[in-house]
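> sequence below, structure please.
(2 chains, ligands or ions: 2)
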Amino acid sequence: MKLRIAQLLVLGLLVLFWYVMTKPGLVPPFYFDKDNRAAFFFGEPQKVFWVVVDWFLSGEIFPHLGITLLETALGFAIGAASGLGIGLWLALSPTASAIMDPYIKGFNSMPRVVLAPIFAVWFGLGIWSKVALGVTLVFFVVFFNVYQGVREVSPNLIANARMLGASKRQLLRSIYLPSAMSWVFASLHNAVGLAFVGAVVGEYLGSSMGVGYLILQAEGTFDINTVFAGILVLTACALALDSLVGTVERRLMTWQPKAGQTEKV
Amino acid sequence: MTPKEGPALALADITCRFAARDATSEPYTAVANTTLNIARGEFVSVVGPTGCGKSTLLNVAAGLLEPSTGTVEVFGERLLSAHGVNRRAGYMFQADALMPWRTGIDNVIAGLEFRGVPRAEALAQGEAWLRRVGLAGFGDRYPHQMSGGMRKRLALAQTLILSPDILLMDEPFSALDVQTRQLMENELLALWAEDRKSVLFITHDLEEAIALSDRVVVLSAGPGTRPIGDFKVDLPRPRDVSEIRMTPAFLDLHREIWAAMKEEVLKAYQRQKAV
Ligand SMILES: Nc1ncnc2c1ncn2[C@@H]1O[C@H](COP(=O)(O)OP(=O)(O)OP(=O)(O)O)[C@@H](O)[C@H]1O
Ligand SMILES: [Mg+2]
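Residues are numbered from 1 along each chain as shown, chains lettered A, B, ... in the order given. Ligands and ions are numbered 1, 2, ... in the order given. The predicted model follows:
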């Protein structure tokens, strides 16, 4: 509880600092030569706030937010599912992984955001080019974690399950998958953020809908307050999605020991 | 099941060589030319200094490790790695091998689940086994919420619930305190007396070996471990492990086997110190 108050205090101080520094005429200009320049470059918190409120009250934001969230969700789901599947497959098949190894390394070290214009050409300016970008970003994070997770399964556990009579399929289901799960969830937290990056960067580069598009338009008219409002909305959504993953994780990973798990009396 | 001739477990001329970690050093021969037979219904203990290759030998018997040379026969049938592990055997590992994401009861019934036993029936059997190993009421705890001794008992139930014809046990009680240990040893003997499974029991505790078994096999220090002594234990059954330790016959046997073992233990100790 005390922690929460301290956290809110930090937020309050930041906003206050922002307000004081950008309010025209409040402090004499010391860097810019005109009074309203700071507000021009950095926006003003109260105006940003009203832009957000106005968006939600008028309902103007919903179609855009819906599109962005849809792109994010699709990119996340497709990327995570394929990363999980292919990660499992390669980790359990040494030959396939030996063959694919250089290609995977290559694709992973490539700055994949550069693919965005190509995807725009291939998939058009609709949602699919953004989904494709999100998938390429998400896939590798999940893939590498699953791969690593399966590799790290204790040989003892596998031997024990085999002695208890587990078939190949049962080994996969009751040893490899649950054992890789903690790695998967660690990667999913990153993956949500990356799916968002894919969607917004894609919208930046060419679109007619989405929060990224809103931001882009506002930039075109030097409407910094709207740009900040867009960033704020995106951040809130990313946080919400991340906590959703966290909730699912807690639900599924009850077996994990938590540090210092004694109850206070 | 067609009754076939031959002992429950026959290890013939087993040699295990482990590849060296780098190209310059020699491969390490853990076990060399070891022959070991376990008759049906026999309780055999293997003792030997630490690091001599006891677990290695057990892994070979389980079919988890293919020996460099030599053959394994289970009830007269060759054990081939292509056909998977030794299906007649249950194996209690030296290290913790419980599934951390399963509760106690789900760990115990894992083997039944793999065999396709309906869950309700498996649960009923699992609860019965939890009671037998003294864990009644702890079925819904995860392994990390249990003590080391409880986890060992859980592993015991997990193995025994399948009623394997051969029991392979790798220092199952070494993590327990003396009292619990003697309780578990008596419990094991009682369970064993019910249907006389063939047991290959590994320990580095000579007293435990004598108190439990029909035969004690002593291994030499590594590398190139092989049996250097095979002692029959003619103590009457049923036994109580804490009482039998006081009998003169037990003490005589202990003196005899220890004389054979002492040198090897010292050798192993010297070698490990030298490295
Ligand atoms: N996979 C492996 N690769 C290389 N060397 C191994 C491997 N497994 C075991 N060894 C070596 O073989 C020897 C025997 O190991 P093993 O685990 O069988 O000993 P142990 O008799 O069970 O010892 P302890 O009583 O301490 O459990 C050891 O020196 C060990 O270093
Ligand atoms: Mg061992």
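> ok and the residue in the stretch 151-265 of chain A nearest ligand 2?
Ligand 2 sits closest to A:N156 of the stretch 151-265 of chain A, with a gap of 11.8 Å, by C-beta to the ion. Using the backbone N, CA and C atoms, a C-beta is placed for each residue, glycine as well.
> helix/strand/coil for that residue?
Look at A:N156: counting by DSSP: H, G, I helix; E, B strand; the rest coil, its state is helix.
> can you list the residues of the stretch 151-275 of chain B near ligand 1?
For the stretch 151-275 of chain B, the residues in contact with ligand 1 (C-beta under 6 Å from any ligand atom) are B:204, B:222.
> need the nearest residue in space to B:R215, chain neighbours excluded.
B:V44 (4.8 Å; C-beta to C-beta, 6 or more residues apart in numbering or on different chains).
> per-residue confidence at that neighbour?
On the pLDDT scale, B:V44 is placed at 95.
> that one belongs to a helix?
No. Counting by three-state DSSP, B:V44 is not found in a helix; it is strand.
> let's check: the centremost residue of the chain is which one?
All of this refers to chain A. By C-alpha atoms, centre = their mean, chain A has its centre lying nearest to A:G193, at 0.9 Å.
> correction: the question concerned chain B.
Short answer for chain B (C-alpha atoms, centre = their mean): B:M169, at 1.7 Å.
> I figured that residue hits B:V199, correct?
Yes. Using C-beta atoms under 8 Å, B:M169 is in contact with B:V199, at 6.8 Å.
> about what we covered before: which one is the residue of the stretch 151-265 of chain A closest to ligand 2 nearest to, not counting chain neighbours?
Counting by C-beta to C-beta, 6+ apart, the residue nearest A:N156 is B:A97, at 4.6 Å.
> need the pLDDT of the one you found.
91.
> tell me what the longest helix along chain A is packed against?
When chain A is parsed with DSSP state H, its longest helix is helix A:61-92. On a contact count with 3 or more C-beta pairs under 8 Å, 6 or more residues apart in numbering or on different chains; DSSP states H and E, helix A:61-92 meets helix A:94-109, helix A:127-151, helix A:177-205, helix A:211-220, helix A:224-252.
> between helix A:211-220 and it, find me the angle.
Interaxial angle of helix A:61-92 relative to helix A:211-220 (axes from the mean of the first three to the mean of the last three C-alpha atoms, to 10 degrees): 130 degrees.
> helix A:61-92 vs helix A:177-205, what angle?
Using the same axes, to 10 degrees, helix A:61-92 lies at 140 degrees relative to helix A:177-205.
> sorry, back to before: tell me if the residue nearest to A:N156 really is in a strand.
No. Assessed with three-state DSSP, B:A97 is coil; it does not lie in a strand.
> my guess is it meets B:K152, correct?
No. If you go by C-beta under 8 Å, B:A97 and B:K152 don't touch, sitting 10.7 Å apart.
> hey, C-alpha coordinates of stretch B:131-148 in CSV?
Provided in CSV are the C-alpha atoms of stretch B:131-148 (Å, rounded to 0.1, in the frame of the first residue of the first chain):
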residue,chain,number,x,y,z
ARG,B,131,-1.2,-43.9,3.0
ARG,B,132,1.3,-46.8,2.9
VAL,B,133,4.3,-44.5,2.6
GLY,B,134,2.9,-42.3,5.4
LEU,B,135,1.9,-39.3,3.2
ALA,B,136,-1.9,-39.5,3.6
GLY,B,137,-3.3,-36.0,3.3
PHE,B,138,-0.3,-34.6,1.6
GLY,B,139,-1.5,-35.6,-1.9
ASP,B,140,-2.4,-32.1,-2.9
ARG,B,141,1.0,-30.6,-2.1
TYR,B,142,3.5,-29.9,-4.8
PRO,B,143,7.0,-31.5,-4.4
HIS,B,144,8.6,-28.2,-3.5
GLN,B,145,6.3,-28.0,-0.5
MET,B,146,7.5,-31.2,0.9
SER,B,147,10.6,-32.2,2.8
GLY,B,148,13.4,-34.2,1.2
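> how about the helices of chain B, start to end?
B:54-62, B:104-108, B:110-114, B:119-132, B:148-160, B:178-195, B:206-212, B:241-244, B:248-274.
> as a markdown table, the ones you listed with mean pLDDT, mean neighbour count and distance to A:T226 would be great.
Converted to a markdown table, those look like this (pLDDT from 0 to 100; neighbours: other C-beta atoms under 10 Å in any protein chain shown; distance: least, C-beta to C-beta, whole Å):
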| stretch | mean pLDDT | mean neighbour count | distance to A:T226 |
| --- | --- | --- | --- |
| helix B:54-62 | 93 | 23 | 67 |
| helix B:104-108 | 95 | 24 | 54 |
| helix B:110-114 | 95 | 22 | 58 |
| helix B:119-132 | 93 | 16 | 58 |
| helix B:148-160 | 90 | 22 | 59 |
| helix B:178-195 | 87 | 16 | 70 |
| helix B:206-212 | 93 | 22 | 78 |
| helix B:241-244 | 89 | 16 | 81 |
| helix B:248-274 | 85 | 14 | 72 |
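> give me the number of neighbouring residues for A:S179.
19 (other C-beta atoms under 10 Å in any protein chain shown).
> verify the contact between it and A:Q148 for me.
No. Applying C-beta under 8 Å as the test, A:S179 and A:Q148 come out as separate, 11.2 Å apart.
> what's the domain layout of chain B?
Following automatic domain parsing, one finds the domains of chain B at B:9-88+B:164-274, B:96-163.
> could you check how far the closest residue to ligand 1 within the stretch 101-250 of chain A is from A:G43?
Here the stretch 101-250 of chain A gets closest to ligand 1 at one residue, A:P155, 9.4 Å apart by C-beta to the nearest ligand atom. According to C-beta to C-beta, to the nearest Å, A:P155 and A:G43 sit 57 Å apart.
> and what of B:R271?
Distance from B:R271 to A:G43, by C-beta to C-beta: 74 Å.
> just B:L160 next, same as before
With C-beta to C-beta as the criterion, B:L160 and A:G43 are 70 Å apart.
> now do the residue of the stretch 151-275 of chain B found nearest ligand 2: how many residues are near it, please.
Residue of the stretch 151-275 of chain B nearest ligand 2, by C-beta to the ion: B:D170 (5.7 Å). Residues lying near B:D170 (other C-beta under 10 Å) number 21.
> what's around the nearest residue to A:F185 once chain neighbours are set aside, how many residues?
Spatially, and ignoring its direct neighbours in sequence, A:F185 is nearest to A:E249 (4.4 Å; C-beta to C-beta, 6+ apart). Using other C-beta under 10 Å, A:E249 is surrounded by 17 other residues.
> many thanks, I have nothing further to ask.
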